[in-house]
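Visitor: Take this sequence and fold it.
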Amino acid sequence: MKTLNFRRRLGLQQGFTLLELLVVLLIIALLAGYVGPKLFSQVDRAKVKATQAQMKTLGDALTQYRLDVGSYPTTEQGLQALNKQPQGTPNWHGPYLAKDVPADAWGRPYILNVPGRSSDAEVVSYGEEGRAGGNGELVYGL
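Guide: Below you'll find the predicted structure:
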């Protein structure tokens, strides 16, 4: 008798209607459309802040290099001069960084320009676009 009641209940149960499923999918799509862009903009802002912090660290190391050597490394020597002594720099007391020169938050190398556009030297990250003058280019002047 119990088995018969169980089978009757199973026969009476129905799944969700197509309309109910579509409403749930619509709600999920609306939430994703609202939350997704906000989440990705947070990631982009975090990359910019991390890159700016690294650029400040590189700027501090370059300032110490200039105090020791008397000038910034040339553009050709680049930021590698902070870890490996360039020829003709007897007052070099590095390395000036604890580790190798890091890449920016997008995985690209930093650029050292001596002289800079509006300062004695500048550290440049081309940002997300990865090209000079592109949208999001970051410049740290010394």
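Visitor: From here on, just use CA atoms for contacts and neighbour counts.
Guide: Will do.
Visitor: Give the other helices and strands that the helix or strand hosting residue 25 contacts.
Guide: For residue 25, the host element (DSSP states H and E) is helix 18-69. Packing partners of helix 18-69 (3 or more CA pairs under 8 Å, 6 or more residues apart in numbering; DSSP states H and E): strand 122-125, strand 138-141.
Visitor: Just the mean pLDDT for that helix, thanks.
Guide: Helix 18-69 comes out with an average pLDDT of 89.
Visitor: Pick the most deeply packed of the helices and strands packed on helix 18-69.
Guide: strand 122-125 (a mean of 24; mean count of other CA atoms under 10 Å).
Visitor: got a list of what residue 18 touches?
Guide: Counting by CA atoms under 8 Å, 6 or more residues apart in numbering, residue 18 makes contact with nothing.
Visitor: Nearest residue to residue 110 in space, ignoring adjacent ones along the chain?
Guide: residue 125 (5.2 Å; CA to CA, 6 or more residues apart in numbering).
Visitor: Mind checking the helices and strands packed on helix 18-69 for the one nearest to residue 30?
Guide: strand 138-141 (34.3 Å; CA to CA).
Visitor: Adjacent strands (with direction) for that closest one?
Guide: Strands adjacent to strand 138-141 in the sheet, as given by DSSP bridges, are strand 122-125 (antiparallel).
Visitor: Restricting the selection to alpha carbons, write the partner strand to PDB.
Guide: Taking C-alpha atoms only, strand 122-125 is exported to PDB below (Å, rounded to 0.1, in the frame of the first residue of the first chain):
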ATOM      1  CA  GLU A 122      61.000  58.900 -16.000                       C
ATOM      2  CA  VAL A 123      59.800  55.400 -15.600                       C
ATOM      3  CA  VAL A 124      57.000  54.500 -18.100                       C
ATOM      4  CA  SER A 125      54.500  51.700 -18.300                       C
END
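Visitor: just to revisit the earlier point, could you identify the helix or strand that succeeds the helix holding residue 25?
Guide: Next element after helix 18-69 (DSSP H and E): strand 111-113.
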